[in-house]
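Participant: I'd like to go over a predicted model; first the sequence, then the structure.
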Amino acid sequence: MRKPRRIMNYGSEALLLEWEQRIDKSLNRSVHTYSKALSQWPEIIDCVPSYASLLVVFIPTPGLQNALRERIYDAQTALGDQPIIGARHELPVLYGGAYGPDLAFVSETCGLSREEIIHKHTAISYNVYQLGYVPGFAFLGVTDPELEVPRRVTPRTRVPAGSVALAGRQTAVYPSESPGGWQLIGCCPITLLDLQAKTAERVSRLHPGDEVSFVSIDEPTYHRLLKTPSAWPV
Amino acid sequence: MAGVNIKFLGAAAGVKFVGRARTGLRHLAFPAGGPVDGTAQAAANQLVGNSPDSPTLELPLSGGEWELKGNGSFAITGARMQWTLNGECIRSYATQPVNGKVVLKGGFAQNGVYAYLAIGGTRISTHSANSSVSDYTEAEIVRKGWRSKWAEPTDFEPSSFAPPDGEQFELLTPLRAVPGPEFSKLPTELREAILNRNHQIDRQSNRQGVRLVTEGFSGARAHWAADMISSPVLPGTVQLTPSGLIVLGPDAQTIGGYPRVLILDGKELTRCFQSRLGSEVAFKVLGQ
């Protein structure tokens, strides 16, 4: 397990633990190990894990910020590697056309044909590194280096739910309609968000540590799955 | 049974029924939400005998028109909106009785942005056709025609107190901040521009964030606001984006990919959000 490189104050009511700032699966596993352990401490209100850092929010109490920092340093040797056993998901995607309006931009930017982009996007499975942006939005990575693209200069004010997107070496499926600045290459007909779930933990179908792969489908299949999502076991 | 029925007659936008901030859900990408000005909300609740974090109506920029019927009480705090009850001026920061049917009207904010309208007692029903719960913040969005019913609490003494002084809403002094995680990585000229220039609050501001416009800033920030890998953020974080600085609010997302240059704590964050469109904002880094 990797220890954070630094632990710093984040305002007066939180601490930020930072590892090397890169997208790395084993490093991210360490982030989630710390998150799971520290979220059990009674003074901790929330732990927010991301790719390579962890925000620890605590009950505002004089002197607690320094005390917690010391305790986290002391606890590091006691934290062992926690295996994260995630679920595997295979998500159907209708690529291009109206469902992936930025596929042409990605093709031009990466110097790849449409077919090559789809092949590279579907060829590997992706780790869920973190949840963020909106509930149900899972940051997946890392994509093939030849698929690396920048975010849009001007984000869209409205990205349809189910949009499959690329940004940097990340990919994701927008779980709900929202603004968004990633490059849209396709659409997934399977719902990844359940706001009626009995617990908040079940709102997102995808969780950190899960593995996700994509499968290209045709338009009739896309519309069939929109009507009957249970026909595709996720 | 004593109690108040309230109906929203309109003439205000962006009204929400806001409860306390949620905790423990940021790792699932749920923002905490809660009131923009928790102090003002708590004061409104105190004046009607409710617990400090009971849900109240949050009114941005204008008070709107409300019909209240029954026997009970209400109180208004926060931004000054020249309230009248059946055409007669009433003061904010004071318990106001409801006896029979009255019409409450609030004008455009003269000072501050967010006002809070608390009804004494416990809410016992709502007509849901004119409201909706925001999926991610659980703040109930209130539209014209919204109706709700309260049961009056027992053992309650009306009271009043002086509203907060002008500095609460007028940014007479710079916002006190601490450096964010990426502050020391900024080029010197960019740090100096953030700290030495005045910024103006932009019309695009809302509960997600107060957006700032800085004259002559575009070249420097556009070059430097490069993507960093997504990292956690909290309300009060000042991000440097290609469009300029943004002070994140209660409905902001939980993860961000822009440099976190400054952090405002609770009271300073409230001062920022209670400052009106066009207000000039300056920052002072504590310890420097």
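Facilitator: Received it, and whenever you're ready, just let me know what you need.
Participant: Stretch B:247-263: end-to-end distance?
Facilitator: Start to finish, the residues bounding stretch B:247-263 are 9 Å apart (C-alpha to C-alpha, to the nearest Å).
Participant: residue contacts, residue A:35?
Facilitator: A:47, A:48, A:49, A:54, B:27 (C-beta atoms under 8 Å, 6 or more residues apart in numbering or on different chains). C-betas here are computed from N, CA, C, even on glycine.
Participant: ranking those residues by neighbours, who comes first?
Facilitator: For those, the largest neighbour count, defined by other C-beta atoms under 10 Å in any protein chain shown, is 29 neighbours, found at residue A:49.
Participant: I'd say it and residue A:31 touch.
Facilitator: Yes. Counting by C-beta atoms under 8 Å, residue A:49 sits close enough to residue A:31 to count as a contact (4.8 Å).
Participant: Now the common contact residues for those two.
Facilitator: With C-beta under 8 Å, 6+ apart as the test, residue A:49 and residue A:31 reach no residue in common.
Participant: Find the nearest non-adjacent residue to residue 229, please.
Facilitator: Went with chain A since none was named. residue A:190 (5.3 Å; C-beta to C-beta, 6 or more residues apart in numbering or on different chains).
Participant: was after chain B, sorry
Facilitator: Nearest residue to residue B:229, sequence neighbours excluded (C-beta to C-beta, 6+ apart): residue A:51, at 4.9 Å.
Participant: Was I right to think the one you found contacts residue A:18?
Facilitator: No. The pair residue A:51 / residue A:18 is not scored as a contact, 10.6 Å apart, by C-beta under 8 Å.
Participant: distance of the residue nearest to residue B:229 from residue A:80?
Facilitator: As for residue A:51, its distance to residue A:80 is 22 Å (criterion: C-beta to C-beta, to the nearest Å).
Participant: So which of those two has more stuff around it?
Facilitator: residue A:51 (23 against 9).
Participant: which element is residue B:12 on?
Facilitator: For residue B:12, there is no enclosing helix or strand under DSSP states H and E.
Participant: interface residues of chain B facing chain A?
Facilitator: For chain B, the contact set with chain A under C-beta under 8 Å from any C-beta of the partner chain comprises B:23-30, B:135-136, B:178, B:180-181, B:227-234, B:236, B:242, B:253-255, B:263-265.
Participant: Quick check: phi and psi at residue B:185.
Facilitator: Main-chain dihedrals, residue B:185, degrees, to the nearest 10: phi -90, psi -10.
Participant: what's around it, how many residues?
Facilitator: 13.
Participant: Spatially nearest residue to it (excluding sequence neighbours)?
Facilitator: Per C-beta to C-beta, 6+ apart, closest to residue B:185 is residue B:259, 7.3 Å.
Participant: and that neighbour, how many neighbours?
Facilitator: 23.
Participant: what does residue A:178 give?
Facilitator: Neighbour count of residue A:178, defined by other C-beta under 10 Å: 19.
Participant: Can you name the residues that contact residue A:1?
Facilitator: Here residue A:1 is in contact with A:29, A:30, A:33, A:79, A:80, A:81 (C-beta under 8 Å, 6+ apart).
Participant: Please tell me how far the first one sits from chain B.
Facilitator: Distance from residue A:29 to chain B, counting by C-beta to the nearest C-beta, to the nearest Å: 15 Å.
Participant: can you check the second one too?
Facilitator: Separation of residue A:30 from chain B (C-beta to the nearest C-beta) stands at 15 Å.
Participant: May I have the phi/psi pair for that residue?
Facilitator: phi -60, psi -40.
Participant: Pull the contacting residues for it.
Facilitator: A:1, A:2, A:3, A:4, A:19, A:81.
Participant: tell me the contacts of the residue nearest to residue B:229?
Facilitator: A:21, A:22, A:23, A:27, A:28, A:31, A:129, A:130, A:139, B:229, B:230, B:231.
Participant: how about 10 Å then?
Facilitator: For residue A:51, the contacting residues are A:19, A:21-24, A:27-28, A:31, A:129-130, A:132, A:139, A:141, A:170, B:228-231, B:255, by C-beta atoms under 10 Å, 6 or more residues apart in numbering or on different chains.
Participant: Same check on residue A:159?
Facilitator: Taking C-beta under 10 Å, 6+ apart, one finds A:101, A:165, A:174, A:176, A:177, A:178, A:179, A:180, A:181, A:182, A:184 in contact with residue A:159.
Participant: picking that back up, with distance to residue A:72, secondary structure and pLDDT added, can I get the contacts of residue A:1 in a markdown table?
Facilitator: Below are the contacts of residue A:1 laid out as a markdown table (distance: C-beta to C-beta, whole Å; DSSP: H, G, I helix; E, B strand; the rest coil; pLDDT from 0 to 100):
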| residue | distance to residue A:72 | secondary structure | pLDDT |
| --- | --- | --- | --- |
| A:29 | 18 | helix | 93 |
| A:30 | 13 | helix | 93 |
| A:33 | 13 | helix | 92 |
| A:79 | 9 | coil | 74 |
| A:80 | 15 | coil | 71 |
| A:81 | 17 | coil | 65 |
